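Peer 1: Quick one: sequence plus predicted model below, questions after.
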Amino acid sequence: MTNIADLRKSYERHELSESASHSDPLQQFDQWLHEAIAAEVPEPNAMTLATVGSDLRPSTRVVLIKGFDAQGIVWYTNYASRKGQELAGNPYAALQFHWVELERVVRIEGLVQKVSNEESDAYFHTRPLDSRIGAWASPQSQVISGRSVLVANAAKYGAQFLLQPPRPPHWGGYRLQAQQWQFWQGRKSRLHDRLRYTPQADGGWLRERLAP
């Protein structure tokens with residue numbers, strides 16, 4: 001049996017220096033995301049979303065980034081899900097990308113708000129038909145008696161809406177406005193590179209190196 005305490009990996013692929021990194025974290029993120037896509041890493045758009053409920057207990061799940069710009073990072077989900085309920089009570093969250101093959105991690109923390117109905121509608125109608133039906137069929141995070149509930153719901157809403165299902169009122173987008181970024185690049189001997197960006201009053205960003 002493998003002893004997991006003995007598992008080791010030496011990180012030696014890249015480095016992250018102040019001189020070679022962007023002064024704007026959004027540009028740095030854009031570069032790293034496109035490098036992950038070009039490297040064909042599995043699901044480069046997958047990110048872990050962490051929220052905290054009213055019981056002060058954190059929870060995480062993997063969601064997919066669907067857009068980003070100076071206004072923030074966007075993803076879509078069921079507003080009635082656990083994450084939706086937790087964001088309704090505490091609108092602060094954290095995101096993390098882990099591109100294992102590139103030995104890189106990006107962490108983002110900030111305030112979350114719903115995107116506009118128009119933005120949610122526009123994205124919803126770009127989704128494949130089965131995904132649009134699925135948004136109606138799944139009472140996300142609720143207990144169900146079995147998979148047959150989902151299959152029956154999908155059949156029901158498929159028959160009801162045919163090829164034009166509207167966006168469910170309980171489904172839409174969120175946008176996280178970044179208040180802190182961290183970029184982590186694995187390095188040899190556990191002396192990893194770690195840069196943190198925090199916003200400044202003049203609209204710029206303070207870039208600092210943190211000990212790994």
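Peer 2: That came through, no problem.
Peer 1: centre of the chain versus stretch 131-142, how much separation?
Peer 2: Put simply, stretch 131-142 sits 19 Å off its chain's centre (Cα atoms, centre = their mean, to the nearest Å).
Peer 1: now do the same end-to-end measure for it.
Peer 2: 19 Å (Cα to Cα, to the nearest Å).
Peer 1: List the buried residues in that stretch.
Peer 2: 132-138, 140 (16 or more other Cβ atoms under 10 Å). In short, each C-beta sits where N, CA and C put it, glycine included.
Peer 1: Let me see the residues that make contact with that stretch.
Peer 2: The contact list for stretch 131-142 (Cβ atoms under 8 Å, 6 or more residues apart in numbering) reads 77-78, 80-83, 85, 124-125, 127, 150, 153-154, 156-158, 161, 165, 167-168, 171.
Peer 1: Quick check on those residues: which are buried?
Peer 2: 77-78, 80-81, 83, 124, 127, 153-154, 157-158, 165, 167-168, 171.
Peer 1: What separation do you get for the residue lying closest to residue 156 once chain neighbours are set aside and residue 168?
Peer 2: Once flanking residues are discounted, residue 156 sits nearest to residue 137: 7.7 Å by Cβ to Cβ, 6 or more residues apart in numbering. Relative to residue 168, residue 137 is positioned 10 Å away (Cβ to Cβ, to the nearest Å).
Peer 1: tell me which element the residue most central in space within the chain is part of?
Peer 2: Centroid-nearest residue in the chain, with Cα atoms, centre = their mean: residue 47, separated by 3.6 Å. Element membership for residue 47, per DSSP states H and E: strand 46-52.
Peer 1: for that strand, packing partners?
Peer 2: The contact analysis (3 or more Cβ pairs under 8 Å, 6 or more residues apart in numbering; DSSP states H and E) places strand 46-52 against strand 58-64, strand 72-78, helix 82-89, strand 92-99.
Peer 1: three-state assignment of the nearest residue to residue 29 once chain neighbours are set aside?
Peer 2: In space, and not counting its chain neighbours, residue 29 is closest to residue 106: 6.1 Å by Cβ to Cβ, 6+ apart. State at residue 106, reduced to three classes by DSSP: H, G, I helix; E, B strand; the rest coil: strand.
Peer 1: any idea how far residue 106 is from residue 121?
Peer 2: Applying Cβ to Cβ to residue 106 and residue 121 gives a distance of 29 Å.
Peer 1: of these two, who's got more company?
Peer 2: The residue with more neighbours, out of residue 106 and residue 121, is residue 106; 20 against 13, by other Cβ atoms under 10 Å.
Peer 1: any chance you could map the strands in this protein?
Peer 2: Using DSSP state E, the strands of the chain run over residues 46-52, 58-64, 67-69, 72-78, 92-99, 104-114, 171-185, 193-199, 205-209.
Peer 1: what about those strands, which gets the closest to residue 17?
Peer 2: strand 193-199 (7.1 Å; Cβ to Cβ).
Peer 1: So what are the sheet partners of that closest one and their directions?
Peer 2: Partners of strand 193-199 in the sheet, by DSSP bridges, are strand 171-185 (antiparallel), strand 205-209 (antiparallel).
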